[in-house]
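Participant: starting from these lines, generate the structure:
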Amino acid sequence: MVAAAPEKFVLTFSEPLDVATLTTTNLKLTRVSTGLDQAVTVTPSADRSQAVLTPTTKPLAADAQYRCRARAGREG
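Facilitator: The predicted structure is shown next:
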C-alpha cells in the first residue's frame, strides 16, 4: 500500500520572512518525475518563520516524489 501524499508542505526559515516575497514565483512545488510545477497557494505562518505550500490540485499522486524550491528576493 502506498501512503497518501501530504496535503501541505512546510518550509522553515532561520529568519522572519518578508511576506512580499511569498509568491508562487519564488516558492515552487515540482513533481520530480515530470519536472512540472504543481499549482499551490503560499501562506506565511503567524510568526513568519514558515511558508506553507498547499497544492490546489488534490490529491497529489501518492506514489510520486515532490521537490520544494525557494528563491530569494522579490523577483525570484
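Participant: spatially central, which residue of the protein would that be?
Facilitator: Nearest residue to the geometric centre of the chain (C-alpha atoms, centre = their mean): residue 53, 3.5 Å.
Participant: any idea of the pLDDT on it?
Facilitator: Note for residue 53: predicted pLDDT of 94.
Participant: and it, bridged to which residues?
Facilitator: Taking DSSP bridges as the rule, residue 53 bridges to residue 9, residue 42.
Participant: how much space between it and residue 71?
Facilitator: 13 Å (C-beta to C-beta, to the nearest Å). Yep, even glycine has a C-beta here, placed from its N, CA and C like the rest.
Participant: now swap in residue 57 and tell me
Facilitator: Going from residue 57 to residue 71 by C-beta to C-beta gives 22 Å.
Participant: so for these two, which sits in the more crowded spot?
Facilitator: residue 71 (12 against 9; other C-beta atoms under 10 Å).
Participant: just give the nearest non-adjacent residue to the more buried one, would you?
Facilitator: Distances taken as C-beta to C-beta, 6 or more residues apart in numbering place residue 26 nearest to residue 71, at 4.7 Å, with adjacent residues excluded.
Participant: so the one you found makes contact with residue 53?
Facilitator: No. Using C-beta atoms under 8 Å, residue 26 is not in contact with residue 53; the gap is 11.1 Å.
Participant: just to check, residue 10 is in contact with residue 52?
Facilitator: Yes. Taking contacts as C-beta under 8 Å, residue 10 lies within contact range of residue 52: 5.4 Å.
Participant: neighbour count for those two, which is higher?
Facilitator: Taking other C-beta under 10 Å, residue 10 and residue 52 do not tie; residue 52 has more neighbours (16 against 12).
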